[in-house]
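# Below are the sequence and a predicted model for it; my questions follow.
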Amino acid sequence: MKEVTVRTGDVKAPRESRALPVVLILDRLRSAYNVGNVFRVAEAARVEEIAACGYTACPPHEKLEKTARGCDKLVPCRHFETTTDAVGEYRGRGYAIYGVETVEGAQWYWEADIRFPCALILGNEALGVSEEALAQCDGFISLPTFGCKNSINVGNCAAVVVFECLKRTLVQPL
């Protein structure tokens, strides 16, 4: 049998190394644990930063820190009063804005035409992305669901879409 070694510890990688040209805009997420999970995903893929909007927890926050496992100290985070404020900031800096939502006409994540740099809006666990934010999107990305439920956990959704973005930038570097 072939010997396999599993990496069980963290590595020291400078944050200054090439970042994925993606910002995650969190629109009124209720669960600080979910926000911590998004920080883990963001750090693993080297997302540029997180924009916590409205009542979304942002560091320092005890529950967020529990699931972020230190990633809250590695990924830059800014707080915005509203998601539309965040969208205006990133659009002004040249980012394409995508709502990750189950709206009519959304493209499945593997088919979506994603332009970089981009900002991905992830919505409230029960309410989704706000109507005001949806109105400002350049496009919509969704994950197909074939079960009874309309969507999956926001942290899991973030992982799918962020790693699709990472794959695209690795396969076709910017």
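Arrived safely. Numbering: from 1, shown residues only.

# list the contacts for T56?
26-29, 35, 79 (C-beta atoms under 8 Å, 6 or more residues apart in numbering). In this view, the C-beta of every residue, glycine as well, is placed from N, C-alpha and C.

# same thing but at 7 Å, please
T56 sits next to 26, 28-29, 35 when contact means C-beta atoms under 7 Å, 6 or more residues apart in numbering.

# Against L74, how distant is V11?
V11 is 12 Å from L74, where distance means C-beta to C-beta, to the nearest Å.

# Pull the most distant pair out of the contacts of T56.
Using C-beta to C-beta, the two most remote members of these are R28 and V35, lying 10.9 Å apart.

# Show me which of those two is the more surrounded one.
The neighbour comparison of R28 against V35 (other C-beta atoms under 10 Å) goes to V35, with 27 against 20.

# Quick check: the gap between that one and L166.
Counting by C-beta to C-beta - V35 and L166 are separated by 20 Å.

# Please apply the same query to A44.
To L166, A44 is 9 Å away according to C-beta to C-beta.

# repeat for V75
14 Å.

# again, but for E48
The gap separating E48 from L166 is 12 Å, by C-beta to C-beta.

# Find the residues that touch each one of the two.
Shared contacts of E48 and L166 (C-beta under 7 Å, 6+ apart): L20.
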